[in-house]
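[1] Take a look and give me a structure for this.
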Amino acid sequence: MKQAGSKNIFSYQYRLKRLKRDSNKWALLTVAILVFIALPVVTIGIELFSGPGETWGHIVDNLLPDYLWNSLFLILACGILVLLFGVSTAWLVARFEFPLRKQLEWLLILPLAIPGYIVAYAYAGIFDYGGSFQLLLEAAGLEFVRIDIMNKFGLAFVLGISLFPYVYVSSRAFFINQANSLLEASEMLGVGQFKTFFRLMLPMARPAIVAGLILVLMEVLNDYGAAKYYGVNTFTVGIFRSWFALEEPETAVYLSALLIVIVFTLILLEKFQRRKVQFNSNRSNNRSIDRKKPGRRQQVLIFIAVLIPVLLGFIFPLSQLIFWAVLTFDKVFDASFLALSLQSFWIACLTAFVTVVMAITLIYFSKWSRLGFIKNIAKLGVLGYAIPGAVIAIGIMIPMISIDKWLISFFDRFFNMDVGLLITGTVVALIYAYVVRFLAVAYNPIESTSLKVSNTIPDSSRILGVGNISTFFKIEFPLIRTGIASAFILVFIDALKELPLTLILKPFHVNTLAVKAYEYASDEMVMEAAIPSLFIIVTVMLPVIFLNRMLIK
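    Sure thing, here's the model as predicted:
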């Protein structure tokens, strides 16, 4: 027993000495960045010990079941819809030749350029009394038919048709690069296309499909604008109501904690299902799928099947917004609107720059650290994307208010100065929240690009006495600039579209296109929301097309 105890003590002392020996400034900086990113979630956890607000009992008895049921319903309904549209269209454009295939291949990704809450505004107008759909029914003699889309079923439809490209992109990439020999073997055995897809390709594409589906579900739980406009009570709507209407941050914290549990349960389920099934692929035998050219009738049917999601997710809502924009252009478009647009673009650009810098430092600081576990925990910094924006905003607002209170007291006591709020309600807090939320968006493309760079040249540079930072800027930065550019564009797009987080943290004197569109719609001026919505769409659409072309290449 004494020998075993002495061995344990020796092992502990050896690990401690090794930790002290291998620790360097890069390891400490990596840990500091992770603490910086984890602050919102840690704050939510700490605030739980303070207890809920006075209305918590009322919410649990009357509203919480509604929040839970509606959120789960949206997850299930949107999941089914995005799988139907995303997987089917990905397989059809990857496997078959048909008229306008190349054009539809990139058009299928453009619904991502229209935020879900903007699609919701457009469809509310399309199905409204006197809307284009109602006019078509009247022209067909069906004026007695009314379709009410302002409910949870309509919300699920709107979110599904705007988010299916997440599944489409990941599935298409898998189908295009899948082993062609498997399909040839299936054809030699006389297996039809239908059976080949469901029995062979669909199970093999499961990891890629689930990866896209998880992103969709994260976006569904993050949505606020569409759910609020359609009158559907979800967790995010409840968080806003508790914080602003009831003025109970404690209750908002408890709802945020429950939403975090739901989000991480989905992530764990995805990890669990991936572990239970092994997917092997011999890359050396892989080549792009040889597209088949079916008969003319089948080509028409495939064309219609692929065109329907494009019409529903992009053409119809865009047409409605353009129609409204023509009617309200003189009323909305003025010098103040241009100033608002420039302000929105400036915030998105600054966010993209800071987030990319943070992602680069996290990747390379952990790489320069001599501690092996630092490289593993560095990936924890990307978990912010899985947390809804409203939760991050609450987790940042609480410590920012506490810091501001301390600063106000400090300056008043020692300098007799009334400095007001220095952090809360400033662009600094907003940018910080954006960085936490979108760090994963920048981290993944930069890391994937950096892994393709051989370590030989940087190692040789350091052997010659050149420091890590100089080696990075002179050698590694030029080699990964494509990944950096992609990361910048992706973060810019997400920051420009983000609504829940911006609504909570934006300064009073600052506005964005997303918030302006939401304010118009909330004030029952949905037609006026068309101009800021179109500005967002056009600004987002160009980089989306650019990234899609990079993906195809």
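[2] would you list every one of the helices in the stretch 451-553 of the chain?
    Remark: helices assigned in the stretch 451-553 of the chain by DSSP state H, counting those that start in this stretch are 456-463, 468-471, 477-497, 500-505, 513-522, 530-552.
[3] List the buried residues for the third one?
    Within helix 477-497, the residues that count as buried by 16 or more other C-beta atoms under 10 Å are 480, 483-497. C-beta: built from backbone N, CA, C; applies to glycine.
[4] What is that helix packed up against?
    helix 335-368, helix 427-450, helix 513-522, helix 530-552 (3 or more C-beta pairs under 8 Å, 6 or more residues apart in numbering; DSSP states H and E).
[5] sorry, back to before: with Val93 as the reference, name the closest of the helices of the stretch 451-553 of the chain.
    Val93 lies closest to helix 530-552 among the helices of the stretch 451-553 of the chain, at 11.0 Å (C-beta to C-beta).
[6] of all the buried residues of helix 477-497, which comes closest to Ala442?
    Nearest to Ala442 among these, with distances taken as C-beta to C-beta, is Ala487, at 3.9 Å.
[7] residues touching the nearest residue to that closest one once chain neighbours are set aside, list them.
    For Ala487, ignoring the flanking residues on the chain, the nearest one in space by C-beta to C-beta, 6 or more residues apart in numbering is Ala442 at 3.9 Å. Contact analysis of Ala442 by C-beta atoms under 8 Å, 6 or more residues apart in numbering lists 352, 355-356, 358-359, 487-488, 490-491.
[8] And for stretch 248-259, what's in contact with it?
    So stretch 248-259 is contacted by 44-45, 47-48, 50-56, 59, 67, 71, 221, 235-236, 238-239, 242-243, 388, 390-391, 394-395, 397-398 (C-beta under 8 Å, 6+ apart).
[9] again, but for stretch 305-315
    Here stretch 305-315 has contacts from 85, 88-89, 92-93, 98, 101, 104, 107-108, 110-111, 113-114, 119, 161-162, 164-165, using C-beta under 8 Å, 6+ apart.
[10] now that we're looking at Phe175, how far away is Ala352 from it?
    Using C-beta to C-beta, to the nearest Å, Phe175 is found at 31 Å from Ala352.
[11] more neighbours, these two?
    Neighbours were counted for Phe175 and for Ala352 using other C-beta atoms under 10 Å; Ala352 has more, 25 against 22.
[12] Contact partners for that one?
    Here Ala352 is in contact with 442, 487-489, 491-492, 495 (C-beta under 8 Å, 6+ apart).
[13] how about 7 Å then?
    488, 491-492, 495 (C-beta atoms under 7 Å, 6 or more residues apart in numbering).
[14] can you redo the residues you listed as JSON lines with distance to Val540?
    JSON lines is the format used below for the contacts of Ala352 (distance: C-beta to C-beta, whole Å):
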{"residue": "Phe488", "distance to Val540": "14"}
{"residue": "Val491", "distance to Val540": "12"}
{"residue": "Phe492", "distance to Val540": "9"}
{"residue": "Ala495", "distance to Val540": "11"}
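[15] Please narrow the contacts of stretch 305-315 to those residing in helices.
    85, 88-89, 92-93, 101, 104, 107, 119, 161-162, 165 (DSSP state H).
[16] ok, and the most crowded of these?
    Ser162 (31 neighbours).
[17] Quick check, pLDDT for that one.
    pLDDT for Ser162: 92.
[18] Please list all residues in contact with it.
    Counted by C-beta under 7 Å, 6+ apart, Ser162 has contacts 111, 114, 116, 119, 313.
[19] And those residues, which is closest to Ala339?
    Closest to Ala339, out of all of the contacts of Ser162 and judged by C-beta to C-beta, is Ile114, at 23.9 Å.
[20] per-residue confidence for the closest residue to that closest one other than its chain neighbours?
    On the basis of C-beta to C-beta, 6+ apart, the spatially nearest residue to Ile114 that is not a chain neighbour turns out to be Ile537, at 5.4 Å. On the pLDDT scale, Ile537 is placed at 89.
[21] And Ile537, how far from Ser162?
    Taken as C-beta to C-beta, the span from Ile537 to Ser162 is 11 Å.
[22] Mutual contacts of the two, please.
    In contact with both Ile537 and Ser162: Ile114, using C-beta under 7 Å, 6+ apart.
[23] And the helices in the stretch 151-300 of the chain, which stretches?
    152-163, 165-176, 180-188, 193-196, 202-204, 206-222, 225-229, 235-240, 249-276, 296-310.
[24] Could you dump the ones you listed into TSV with distance to Leu63 added?
    Compiled in TSV, those are given as follows (distance: least, C-beta to C-beta, whole Å):
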stretch	distance to Leu63
helix 152-163	15
helix 165-176	30
helix 180-188	51
helix 193-196	46
helix 202-204	39
helix 206-222	17
helix 225-229	14
helix 235-240	6
helix 249-276	9
helix 296-310	34
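[25] Show me the one of the ones you listed that comes nearest Phe414.
    Of the helices of the stretch 151-300 of the chain, nearest to Phe414 by C-beta to C-beta is helix 249-276, at 28.9 Å.
[26] list the buried ones in that closest one?
    Those would be 249-260, 262-263, 266, 270, for helix 249-276 by 16+ other C-beta under 10 Å.
[27] Please identify the one among those that lies nearest to Leu34.
    Of those, the one sitting nearest to Leu34 (C-beta to C-beta) turns out to be Ile260, at 17.5 Å.
[28] so that closest one touches Ile392, yeah?
    No - Ile260 is beyond contact range of Ile392, at 10.2 Å (criterion: C-beta atoms under 7 Å).
[29] residue contacts, Lys292?
    95-96.
[30] Does it have any beta-bridge partners, and if so which?
    Judged by DSSP bridges, the bridge partners of Lys292 are Phe96.
[31] Just the local confidence number for it, please.
    For Lys292, pLDDT reads 78.
[32] just Ser88 next, same as before
    pLDDT, read off for Ser88, is 91.
[33] and what of Phe508?
    On the pLDDT scale, Phe508 gets 81.
[34] nearest residue to it other than its sequence neighbours?
    Per C-beta to C-beta, 6+ apart, closest to Phe508 is Gly425, 6.6 Å.
[35] Show me what the helix or strand containing Gly79 packs onto, helices and strands only.
    In this structure, Gly79 sits in helix 64-95 according to DSSP states H and E. With contacts taken as 3 or more C-beta pairs under 7 Å, 6 or more residues apart in numbering; DSSP states H and E, helix 64-95 sits against helix 101-107, helix 152-163, helix 165-176, helix 206-222, helix 235-240, helix 296-310.
[36] closest one to Ala530 among those?
    It is, among these and with distance given as C-beta to C-beta, helix 152-163, at 16.3 Å.
[37] now that closest one against helix 64-95, angle please.
    Orientation note: helix 152-163 sits at an angle of 40 degrees relative to helix 64-95 (axes from the mean of the first three to the mean of the last three C-alpha atoms, to 10 degrees).
[38] what angle separates helix 152-163 from helix 206-222?
    130 degrees.
[39] Report the buried residues of helix 152-163.
    Of the residues in helix 152-163, those buried (16+ other C-beta under 10 Å) are 152, 154-163.
[40] again with stretch 345-354
    Buried, per 16+ other C-beta under 10 Å, within stretch 345-354: 345, 347-348, 350-352, 354.
[41] Name the nearest of the residues you listed relative to Val515.
    Nearest to Val515 among these, with distances taken as C-beta to C-beta, is Ile347, at 10.8 Å.
[42] Next up, the contacts around the residue nearest to the closest one when sequence neighbours are not counted.
    Using C-beta to C-beta, 6+ apart and skipping residues adjacent in sequence, the residue nearest Ile347 is Thr512, 6.4 Å away. Thr512 makes contact with 344, 347, 502, 506 under the criterion C-beta under 7 Å, 6+ apart.
[43] With distance to Phe127 added, can I get these in TSV?
    Listed next are these as TSV, based on distance: C-beta to C-beta, whole Å:
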residue	distance to Phe127
Ser344	29
Ile347	33
Thr502	28
Lys506	31
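[44] Right, I'll leave it there.
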